[in-house]
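Asker: Task: produce atomic coordinates for the following.
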Amino acid sequence: MTALENATKTDEGVVLNGFVLAPVVEQCAGCERVREFEEEQFCSSYPVPAKKWVGGRCNFATHMKAQSASGSKVNPLKASKRAAKGR
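Answerer: Below is the predicted model of the structure:
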């Protein structure tokens with residue numbers, strides 16, 4: 001079942017469960033949450049995808065990996081104690 005099966009086209013746009021959906025932006029290309037409805041693509045998780053990209057990165061984006069803080073310091077004494085406890 002696709003997420004937009006119950007969507008309807010109105011004068012306002014595409015409506016799903018009372019929310020008017022806006023088409024996806026170019027940053028959404030490749031995301032697994034993008035669904036197609038009547039030749040247009042919409043996000044299945046958020047009605048206005050452009051607002052999610054304003055702050056930099058959409059937290060729903062499945063096509064972008066979060067960068068890990070590999071430069072963080074590890075206290076060797078605490079690490080050895082954790083290892084001894086079995087964590």
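
Asker: Find the nearest non-adjacent residue to the one residue sitting closest to the centre of the chain, please.
Answerer: Nearest to the mean C-alpha position of the chain, counting by CA atoms, centre = their mean, stands F60 at 1.2 Å. For F60, ignoring the flanking residues on the chain, the nearest one in space by CB to CB, 6 or more residues apart in numbering is S45 at 4.6 Å. Backbone N, C-alpha and C define where each C-beta goes, glycine included.

Asker: For that neighbour, give me the pLDDT.
Answerer: On pLDDT, S45 comes in at 84.

Asker: Double-check that R35 belongs to a strand.
Answerer: Yes: using DSSP: H, G, I helix; E, B strand; the rest coil, the assignment for R35 is a strand.

Asker: The residue nearest to the centre of the chain against Y46, yeah?
Answerer: Yes: F60 is within contact range of Y46, at 6.0 Å (criterion: CB atoms under 8 Å).

Asker: circling back: contacting residues for the residue nearest to the centre of the chain?
Answerer: F60 makes contact with C31, R33, C43, S45, Y46, K52, according to CB atoms under 8 Å, 6 or more residues apart in numbering.

Asker: where's it relative to F42, distance?
Answerer: Distance, F60 to F42, by CB to CB, to the nearest Å: 13 Å.

Asker: can you check G30 too?
Answerer: Using CB to CB, G30 is found at 15 Å from F42.

Asker: ditto for L77
Answerer: Distance from L77 to F42, by CB to CB: 52 Å.

Asker: These two: which is more packed in?
Answerer: Using other CB atoms under 10 Å, the more surrounded residue of L77 and F42 is F42, with 25 against 8.

Asker: Alright, I will stop here.
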